[in-house]
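Colleague: What follows is a protein structure lacking sequence information:
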């Protein structure tokens with residue numbers, strides 16, 4: 001009986017300690033909330049992943065979905081609200097960002113990237129260089145399309161419904177920037 005009482009006391013202390021990470025995910029020193037609100041929809045943090053280029057940490061990404069899943073294809077193709085948040089842990093130039101997206105589009109969806117060249121060109125025109133601490137977010141909403149926001153400011157919305165799947169395949173397709181990033185976003 002004493003063990004059970006001690007267990008409950010320990011759990012109560014953990015739950016009641018201010019600042020405990022019960023309501024957020026943390027990776028590489030970056031914390032993202034467990035939930036976000038988009039219009040009237042609550043999205044859950046599905047997982048966090050670290051984008052590395054060789055051994056250099058570039059950004060921590062968080063994937064938000066309505067219902068947690070480890071099925072990459074289901075998330076990519078779902079006609080449901082979703083968001084990827086990229087929190088940069090180092091500065092990157094516009095050309096580095098454009099080159100990385102271009103390579104990922106070609107690696108993960110070569111046919112779709114050819115068919116959506118106009119949409120991709122719009123995205124590339126809106127992308128900016130990012131500094132350490134900046135956030136870039138992509139939000140897909142079925143009725144609106146895919147919106148790019150940088151540091152909380154909307155930069156561009158692409159209405160094409162297929163563009164959302166193309167974009168989310170960057171992180172969740174067969175050839176993500178690095179396998180650990182994909183696994184983390186899927187909560188694996």
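Modeller: Yep, it's here. For clarity, every value in this text was computed on a predicted model and none was experimentally measured. Numbers count the residues shown, from 1 in each chain.

Colleague: now the end-to-end length of stretch 31-43.
Modeller: 16 Å (CA to CA, to the nearest Å).

Colleague: List the buried residues in that stretch.
Modeller: 32, 36, 38, 43 (16 or more other CB atoms under 10 Å). For glycine as for every other residue, the C-beta is placed from the backbone atoms N, C-alpha and C.

Colleague: May I see the buried residues of the longest strand along the chain?
Modeller: Using DSSP state E, we find that the single longest strand of the chain is strand 41-53. Applying a neighbour-count criterion of 16+ other CB under 10 Å, the buried positions in strand 41-53 are 43, 44, 45, 46, 47, 48, 49, 50, 51.

Colleague: What is the three-state secondary structure of the closest residue in space to the fifth one that isn't next to it in sequence?
Modeller: Nearest residue to residue 47, sequence neighbours excluded (CB to CB, 6 or more residues apart in numbering): residue 187, at 3.7 Å. Under the three-state scheme (DSSP: H, G, I helix; E, B strand; the rest coil), residue 187 adopts coil.

Colleague: how close does residue 187 sit to residue 136?
Modeller: Relative to residue 136, residue 187 is positioned 21 Å away (CB to CB, to the nearest Å).

Colleague: Strands along this protein, start to end?
Modeller: Using DSSP E, strands in the chain cover 24-27, 30-33, 35-38, 41-53, 56-65, 82-88, 135-141, 145-150, 153-158.

Colleague: List the contacts of residue 108.
Modeller: Each residue near residue 108 by CB atoms under 8 Å, 6 or more residues apart in numbering is listed here: 169, 170, 173, 174, 175, 176.

Colleague: Which of residue 187 and residue 136 has more residues huddled nearby?
Modeller: Using other CB atoms under 10 Å as the criterion, residue 187 and residue 136 rank with residue 136 on top: 21 against 15.

Colleague: what sits opposite that one in the beta ladder?
Modeller: Note on residue 136: beta-bridge partners residue 86, residue 150, judged by DSSP bridges.

Colleague: wouldn't it be in contact with residue 86 here?
Modeller: Yes: using CB atoms under 8 Å, residue 136 is in contact with residue 86, at 4.6 Å.

Colleague: quick one: low-confidence ranges for the chain?
Modeller: Scanning the chain with the threshold set as pLDDT under 70 gives 1-24.

Colleague: Perfect, that will be all.
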